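Peer 1: Sequence first, then the predicted structure:
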Amino acid sequence: MKTYKPIITNILLFLGSLCILYFFILSFAYGFFQISFSFCFLIGGLLLVGYGLIERKQQQHVLTYLPKFLRIAAIGLLTIFLTSFLIVEGLILANGLHTPNEKLEYVIILGAGLNKDKISLSLQHRLDEAIAYHKQYQDTTFIVSGGKGINESISEAEAMRSYLVAHGIPQHQIIEEELSTSTFENFAFSKEYIKDKTQKVGVITNSFHMLRALILARQQDLQAVGIPAKSDLLTYPCFSIREYFGIWKALFLKR
């Protein structure tokens, strides 16, 4: 029997505790379960801690109870998952840092959730990035894309237009797209307002969301150029990990 190595168990317990702590930090900062995907940190953390405690009690790694072929398969799948996770997260980070410096005729601003009729922090970051872009390229037309959610009193597009106009962007340079309810639909409906669909089109969204947005835009034959807005530091780990799964969905389901 192989010698039990507690370092692996300790790593699992540490990661599990970290996930649980992060869940409660998000909950105290924004309210319990108010941040999408945050519950996965609680569930994942409890599973890791439980797994680690079992190993500590048994003084043996759980995988050693499996037949050899299943143990090899489990380790292989875990290796594939971790490798793909690191690659995708690296691409998410890289696309969120890249900022182009070119004049574009159209820029699509992707909507995010509202608090009734008030813009969320994530959406404000996107709009502030659009305002900064307008100061540099004042002839650009902005397409604000986002429909009306269940708990929203106005459409995201209307809220975005009001914010941009209040911050100095002329109303005639803003096009409202109010039908979309997903990132896929953001592009499907917004591209109908673009006359020359072969030209480059800017896309503004938060840095954690940029990679998936560009994938979905290019699947619809848009020559998309990412203009990443900043992300909230506290929620970035949660959203960037959620994006790992969203990117596979975009690649295989094109949604």
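Peer 2: Looks like it came in fine.
Peer 1: Helices of the stretch 1-150 of the chain, start to end?
Peer 2: 6-30, 38-58, 68-97, 121-136 (DSSP state H, counting those that start in this stretch).
Peer 1: for the third one, packing partners?
Peer 2: For helix 68-97, the packing partners by 3 or more C-beta pairs under 8 Å, 6 or more residues apart in numbering; DSSP states H and E come out as helix 210-219, strand 223-229, helix 236-253. Just so you know, the C-beta spots here come from the backbone N, C-alpha and C atoms, and that holds for glycine as well.
Peer 1: Buried deepest among these, which one?
Peer 2: Mean neighbours per residue, mean count of other C-beta atoms under 10 Å, is largest over the helices and strands packed on helix 68-97 for helix 210-219, with a mean of 22.
Peer 1: Just want the angle from that helix to helix 68-97.
Peer 2: 80 degrees (axes from the mean of the first three to the mean of the last three C-alpha atoms, to 10 degrees).
Peer 1: so for helix 210-219, what's the average pLDDT?
Peer 2: The average pLDDT for helix 210-219 rounds to 96.
Peer 1: list the helices and strands it packs on?
Peer 2: Looks like helix 210-219 contacts helix 68-97, helix 183-190, strand 200-206, strand 223-229, helix 236-253 (3+ C-beta pairs under 8 Å, 6+ apart).
Peer 1: export the ones you listed to JSON lines and tack on distance to Lys135 and mean pLDDT?
Peer 2: What follows is the helices and strands packed on helix 210-219, written out as JSON lines (distance: least, C-beta to C-beta, whole Å; pLDDT from 0 to 100):
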{"stretch": "helix 68-97", "distance to Lys135": "21", "mean pLDDT": "93"}
{"stretch": "helix 183-190", "distance to Lys135": "23", "mean pLDDT": "95"}
{"stretch": "strand 200-206", "distance to Lys135": "14", "mean pLDDT": "96"}
{"stretch": "strand 223-229", "distance to Lys135": "13", "mean pLDDT": "95"}
{"stretch": "helix 236-253", "distance to Lys135": "26", "mean pLDDT": "95"}
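Peer 1: Tell me which of these lies nearest to Lys148.
Peer 2: The closest of the helices and strands packed on helix 210-219 to Lys148 is helix 183-190. By C-beta to C-beta, the value is 12.9 Å.
Peer 1: Also compute the angle for the closest one relative to strand 200-206, please.
Peer 2: Going by the same axes, to 10 degrees, helix 183-190 makes 140 degrees with strand 200-206.
Peer 1: Convert helix 183-190 to CSV, retaining C-alpha atoms only.
Peer 2: Listed next in CSV are the C-alpha coordinates belonging to helix 183-190 (Å, rounded to 0.1, in the frame of the first residue of the first chain):
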residue,chain,number,x,y,z
THR,A,183,-24.9,37.6,-25.3
PHE,A,184,-25.8,35.6,-28.4
GLU,A,185,-28.9,37.7,-29.0
ASN,A,186,-26.9,40.9,-28.3
PHE,A,187,-25.0,40.3,-31.5
ALA,A,188,-27.8,38.7,-33.5
PHE,A,189,-30.0,41.8,-33.1
SER,A,190,-27.3,44.5,-33.0
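Peer 1: list the helices and strands it packs on?
Peer 2: strand 106-110, strand 141-145, strand 174-177, helix 210-219.
Peer 1: how about those, which one is nearest Asp128?
Peer 2: Of all the helices and strands packed on helix 183-190, strand 106-110 comes closest under C-beta to C-beta, at 10.7 Å.
Peer 1: Which residue would you name as the spatial centre of this structure?
Peer 2: His209 (3.8 Å; C-alpha atoms, centre = their mean).
Peer 1: residue contacts, the residue lying closest to it once chain neighbours are set aside?
Peer 2: Closest residue to His209 apart from its sequence neighbours, by C-beta to C-beta, 6 or more residues apart in numbering: Glu243 at 6.6 Å. Contact partners of Glu243, counting by C-beta atoms under 8 Å, 6 or more residues apart in numbering, are Val88, Ile92, Phe208, His209, Leu211, Arg212.
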